[in-house]
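Asker: sequence-free structure coming up:
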């Protein structure tokens, strides 16, 4: 009996399916990795937006004459 057959008989219905992080939560490991990837990218996008907004309020707006910073 080969290793794959032994594994299939041991796992039964779960053979070939991705393991879940927690048995009671229907989220697989690849889904959790994808979630982390998206949240990291979103965080960097938010940081970039914050920097652009700060530069606009602090330097660009007053230089163009939109408002005055004391």
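Answerer: Arrived safely. Remember, it's a predicted structure, so these values are computed and weren't measured experimentally.
Asker: so which helix or strand takes in residue 23?
Answerer: Residue 23 is part of no helix or strand when elements are defined by DSSP states H and E.
Asker: what lies in contact with stretch 26-44?
Answerer: Contact with stretch 26-44 is made by 18, 19, 20, 21, as judged by C-beta atoms under 8 Å, 6 or more residues apart in numbering. Yep, even glycine has a C-beta here, placed from its N, CA and C like the rest.
Asker: could you point out which element follows the helix ranked longest in the chain?
Answerer: Scanning the chain for the helix with the most residues, using DSSP state H, yields helix 29-55. Downstream of helix 29-55, the next assigned helix or strand under DSSP H and E is helix 61-64.
Asker: from the chain's centre, how far out does that following helix sit?
Answerer: 36 Å (C-alpha atoms, centre = their mean, to the nearest Å).
Asker: now it: mean pLDDT?
Answerer: In this model, helix 61-64 has an average pLDDT of 93.
Asker: for it, buried residues please.
Answerer: By 16 or more other C-beta atoms under 10 Å, helix 61-64 has no buried positions at all.
Asker: what does that helix contact?
Answerer: With contact meaning C-beta under 8 Å, 6+ apart, helix 61-64 is reached by 67, 68, 69.
Asker: where does the protein dip in pLDDT?
Answerer: By pLDDT under 70, the weakly predicted segments of the chain are 1.
Asker: how many neighbours does residue 55 have?
Answerer: 11 (other C-beta atoms under 10 Å).
Asker: what of the one 4 residues further on?
Answerer: Summarising burial for residue 59: neighbours were counted as other C-beta under 10 Å, giving 11.
Asker: before we move on, what about residue 57?
Answerer: A total of 13 residues lie near residue 57 under the criterion other C-beta under 10 Å.
Asker: distance check, residue 38 against residue 52.
Answerer: 21 Å (C-beta to C-beta, to the nearest Å).
Asker: now swap in residue 61 and tell me
Answerer: From residue 61 to residue 52 the distance is 12 Å (C-beta to C-beta).
Asker: how about residue 3?
Answerer: Distance from residue 3 to residue 52, by C-beta to C-beta: 55 Å.
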